[in-house]
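In: Sequence first, predicted model second:
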Number of protein chains: 4
Amino acid sequence: MTRDAADVADRLVRAGRRFDARGWVLGTSGNFSAVTSRDPLRLAITRSGTHKGELTAADILEYGEGRVLSGTGAASAETRLHLAIVAERGAGSVLHTHSIWSTLLSHRYAELKGLSGVTTHEHREWLPILDNDQDMERLSGAVVRVLLEHPDCHGFLLRRHGLYTWGADVAEAVRHVEILEFLLESVARSKEAASWRS
Amino acid sequence: MTRDAADVADRLVRAGRRFDARGWVLGTSGNFSAVTSRDPLRLAITRSGTHKGELTAADILEYGEGRVLSGTGAASAETRLHLAIVAERGAGSVLHTHSIWSTLLSHRYAELKGLSGVTTHEHREWLPILDNDQDMERLSGAVVRVLLEHPDCHGFLLRRHGLYTWGADVAEAVRHVEILEFLLESVARSKEAASWRS
Amino acid sequence: MTRDAADVADRLVRAGRRFDARGWVLGTSGNFSAVTSRDPLRLAITRSGTHKGELTAADILEYGEGRVLSGTGAASAETRLHLAIVAERGAGSVLHTHSIWSTLLSHRYAELKGLSGVTTHEHREWLPILDNDQDMERLSGAVVRVLLEHPDCHGFLLRRHGLYTWGADVAEAVRHVEILEFLLESVARSKEAASWRS
Amino acid sequence: MTRDAADVADRLVRAGRRFDARGWVLGTSGNFSAVTSRDPLRLAITRSGTHKGELTAADILEYGEGRVLSGTGAASAETRLHLAIVAERGAGSVLHTHSIWSTLLSHRYAELKGLSGVTTHEHREWLPILDNDQDMERLSGAVVRVLLEHPDCHGFLLRRHGLYTWGADVAEAVRHVEILEFLLESVARSKEAASWRS
């Protein structure tokens, strides 16, 4: 592992501990990646079946040319989604988390195909919702279509399967996870508040 | 303590810290075990009356042949349930947690004798609910009947007394706790969301 | 400080860190004590105005004969309540926490003067609710009357001011805090669940 | 950095870790300052774009005479608000957090221009709510007017942008954040409780 790859692995490990503390990667849910080379394209990506709150550097594999290049075990089953997002958005890091609020909202608002109530203080954010699919090739195609239809979106929800977001690097992607998860919880609690007696 | 037994004890201690951080083993609730030998059957099991977030190796007793084989103090009062689950399911580890959501749902849905709304993204999970009983022999018999009736279930709830689940080893059982607790919280919050104004 | 006093101080410091992690002693709320001598009666008690999650041994004062015997600063303003509980119940440790759920329930159910919905799996627990009072002598008298009227209660709520509970030693008192706070959250969430559509 | 400045920086770093653990400074939200000199007026203030849970001393800049005096990067975009609060209140530390509950309540009660339901056990606390504004000069003027109109208030909310509070030093300001955030959560949950069936 080069020094850069070690640094990237360390950042993914720490992202896992942060998200675990918030309950966003329970069980073995979630998967994380970061681009380590653009040409040829190579990703550092979490090993399948790992607990994201207890990652070590050995759980971060190097992936490229359609296969695991270094490290033991299989890359996340959703590696194809990470590659699609990197290709479409030029992202340097892709993070997938699976929180209660993203699960709840993606289930409840699936019919609308998106959440328009997600608003930051500067602008209104649109978060598309896709049906989940165990066929990764088909799901990857659906993801690409959604990214093309929503060129400004910073993430999307897979129905009952959580959030995908990305950034120029791991730090920015972590920030996007935190902002979007915050907004999702805000939306859900605002829905509860709508039934308060004034 | 053999090296394997020390390793198992360490895994149970760490499971306790994880669950305590989430509020799933408050007070002295919960109890954990892991099989250390199949023939003769021996369990590492938490000492009765301990706080699961502050376990040390000395709080993990060795149990077999109907008695504590090594360590000081009494084995968990629910040791018999652990033994029944090990026998019926061939489990390598049994974990019992006592969260708010499992308590709430087991109380509310007791009349249905189970929760059908617990769904992972691959399949629908059935979580039986048993009345709790201070007579451990009778309760253990009830558990065996439920396990025979529901050969696919990965856990069950004791009414107002939390969750039992298991796995091939401690790591898998911990993963099952986290997935089932996540699903229970999701079910409860979905019920709340059902009364939102669209 | 004797070795026993140092041990008691350490236990109170650790209780503070546990409760702080759960959000039960925000700001400078809460106060803790433990009996270090019965005859003459002496308490280790938290200094007034301290953050309970960041206590050090220097924040635990020795109190007896109506004054601070060792340590710098004033004993908690509620020392008199601790002394009343020690006298009435023979407690070895008294702990006061101030959580969201105890505040909410004590406010909502004040008119009933108590919570009967607090139930453990063995028996029904009665948690009296007293009006808070800045006159500590009068409040202390009210506490004594409540303890005499409810000889089986393991704690009480001060309206909008949180929970008092106690135990034979710090470990038992900590356990009682955790069980009662768990029950209070369970009661509150059960009230919310009562309006779910089946 | 003088020893005092190092001490102040350390206190702001630790405040960030505390608030992050509670989810009050997700993403890069929040900003913190403390007065290090009165004449000339100098602030230690968090660098723009930092994660408040992962601050190091290098993220705390020295600001005075309208510019960054030491440290690399830009001071928080909201430095002007900190200066206005220091000038109006004589505060020694100003802290801004961005929690779910402050966001929710400031959104819901914006039309009332304030929250009167925020009550401590001694007195009723008034928390003004201001519309947020990206023009910091205009917003700073609005803050000054609100502080003059409400000479007793200990904080205010920016609509959908969280809480500002202050204190004589960092420790007191941290205490005010914790008390006000606790009260905001209490108010929100009381509103939910108002629809419980008795």
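Out: The structure has been received and is ready for your questions.

In: helix or strand right after the least confident helix or strand in chain A by mean pLDDT?
Out: Here the helix or strand of chain A ranked lowest by mean pLDDT, DSSP states H and E is strand A:114-119, holding a mean of 53. Toward the C-terminal end, the helix or strand that comes next after strand A:114-119 (DSSP states H and E) is strand A:124-130.

In: buried set for that following strand?
Out: A:125-130 (16 or more other C-beta atoms under 10 Å in any protein chain shown). Placement of C-beta: from N, CA and C, glycine included.

In: likewise stretch A:14-34?
Out: Result for stretch A:14-34 [16+ other C-beta under 10 Å]: buried residues A:15-16, A:18-34.

In: which residue ranges form the helices in chain A?
Out: A:3-21, A:79-89, A:100-108, A:136-149, A:170-193 (DSSP state H).

In: now those helices as TSV including distance to chain B and mean pLDDT?
Out: Putting these into TSV (distance: least, C-beta to the nearest C-beta, whole Å; pLDDT from 0 to 100) gives the following:
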stretch	distance to chain B	mean pLDDT
helix A:3-21	8	93
helix A:79-89	14	97
helix A:100-108	5	89
helix A:136-149	12	95
helix A:170-193	4	92
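
In: re earlier: which of the buried residues of strand A:124-130 lies at the shortest distance from chain C?
Out: Nearest to chain C out of those is residue A:129 (C-beta to the nearest C-beta; 23.6 Å).

In: Quick one: residues contacting the closest residue to that closest one other than its chain neighbours.
Out: Leaving aside its chain neighbours, residue A:129 sits nearest to residue A:157 (4.6 Å; criterion: C-beta to C-beta, 6 or more residues apart in numbering or on different chains). Residue A:157 makes contact with A:102, A:105-106, A:115, A:127-130, A:163-164 under the criterion C-beta atoms under 8 Å, 6 or more residues apart in numbering or on different chains.

In: how about 7 Å then?
Out: A:102, A:106, A:127, A:129, A:163 (C-beta atoms under 7 Å, 6 or more residues apart in numbering or on different chains).

In: Do I have it right that the second one meets residue A:163?
Out: No - if you go by C-beta atoms under 7 Å, residue A:106 and residue A:163 don't touch, sitting 8.4 Å apart.

In: List the contacts of residue A:175.
Out: A:167, D:27-28.

In: my bad, residue A:185
Out: A:101, D:100.

In: Roughly how far does it sit from residue B:77?
Out: Relative to residue B:77, residue A:185 is positioned 39 Å away (C-beta to C-beta, to the nearest Å).

In: Okay, now stretch A:42-56: how far is its last residue from its first?
Out: End-to-end distance of stretch A:42-56: 20 Å, with C-alpha to C-alpha, to the nearest Å as the criterion.

In: now that stretch: mean pLDDT?
Out: If you average the pLDDT over stretch A:42-56, you get 96.

In: my guess is residue A:77 meets residue A:48, correct?
Out: Yes - counting by C-beta under 7 Å, residue A:48 is a contact partner of residue A:77 at 5.9 Å.

In: Between those two, which has more neighbouring residues?
Out: Using other C-beta atoms under 10 Å in any protein chain shown as the criterion, residue A:77 and residue A:48 rank with residue A:48 on top: 16 against 12.

In: If we ignore the residues flanking it in sequence, what's nearest that one?
Out: Per C-beta to C-beta, 6+ apart, closest to residue A:48 is residue A:74, 4.6 Å.

In: Give the burial count for that neighbour, as a bare number.
Out: 13.

In: so what's it scoring on pLDDT?
Out: For residue A:74, the predicted pLDDT is 95.

In: Chain D versus that one, what's the distance?
Out: Per C-beta to the nearest C-beta, to the nearest Å, residue A:74 is found 31 Å from chain D.

In: Please apply the same query to residue A:98.
Out: Taken as C-beta to the nearest C-beta, the span from residue A:98 to chain D is 17 Å.

In: now do residue A:153
Out: 17 Å.

In: How about residue A:193?
Out: Taking C-beta to the nearest C-beta, one finds residue A:193 at 6 Å from chain D.

In: Kindly report the same for residue A:190.
Out: 6 Å.

In: doesn't residue D:104 make contact with that residue?
Out: Yes - look at residue A:190 against residue D:104 with C-beta under 7 Å: they come within range, at 6.1 Å.

In: More neighbours: the two, which one.
Out: Legend: neighbour count by other C-beta under 10 Å for residue A:190 and residue D:104, higher for residue D:104 (22 against 17).

In: ok, the more buried one - contacts?
Out: A:186, A:189-190, A:193, D:188.

In: Give me the distance between the residue nearest the centre of chain A and residue A:130.
Out: Centroid-nearest residue in chain A: residue A:96, 2.3 Å away (criterion: C-alpha atoms, centre = their mean). Using C-beta to C-beta, residue A:96 is found at 13 Å from residue A:130.

In: repeat for residue A:189
Out: With distances taken as C-beta to C-beta, residue A:189 is found 24 Å from residue A:130.

In: again, but for residue A:11
Out: Residue A:11 is 27 Å from residue A:130, by C-beta to C-beta.

In: next one: residue A:159
Out: 7 Å.

In: Residue A:100 now?
Out: Distance from residue A:100 to residue A:130, by C-beta to C-beta: 19 Å.

In: How about residue A:144?
Out: Residue A:144 is 11 Å from residue A:130, by C-beta to C-beta.

In: repeat for residue A:94
Out: Applying C-beta to C-beta to residue A:94 and residue A:130 gives a distance of 15 Å.

In: go on, residue A:192?
Out: Distance from residue A:192 to residue A:130, by C-beta to C-beta: 25 Å.

In: same check, this time on residue A:190
Out: 23 Å.

In: and if you look at residue A:177?
Out: Separation of residue A:177 from residue A:130 (C-beta to C-beta): 18 Å.

In: got it, and residue A:137?
Out: Residue A:137 is 14 Å from residue A:130, by C-beta to C-beta.

In: on that earlier part again, JSON lines please, covering the contacts of residue A:175 and showing distance to chain C.
Out: Listed next are the contacts of residue A:175 as JSON lines, based on distance: C-beta to the nearest C-beta, whole Å:
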{"residue": "A:167", "distance to chain C": "30"}
{"residue": "D:27", "distance to chain C": "21"}
{"residue": "D:28", "distance to chain C": "23"}
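
In: Number of residues surrounding the residue lying closest to residue A:144 once chain neighbours are set aside?
Out: Leaving aside its sequence neighbours, residue A:144 sits nearest to residue A:84 (C-beta to C-beta, 6+ apart; 5.3 Å). Here the count is done by other C-beta under 10 Å, and residue A:84 has 21 residues near it.

In: ok, now which ones touch residue A:80?
Out: Here residue A:80 is in contact with A:136-137, A:140 (C-beta under 7 Å, 6+ apart).

In: hmm, 10 Å instead?
Out: A:66, A:136-137, A:139-141, A:143 (C-beta atoms under 10 Å, 6 or more residues apart in numbering or on different chains).

In: how about TSV for these, with distance to residue A:41 added?
Out: Listed next are the contacts of residue A:80 as TSV, based on distance: C-beta to C-beta, whole Å:
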residue	distance to residue A:41
A:66	10
A:136	17
A:137	18
A:139	20
A:140	15
A:141	19
A:143	17
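
In: just these now: which is nearest residue B:70?
Out: Among the contacts of residue A:80, residue A:136 lies closest to residue B:70 (C-beta to C-beta), at 49.2 Å.
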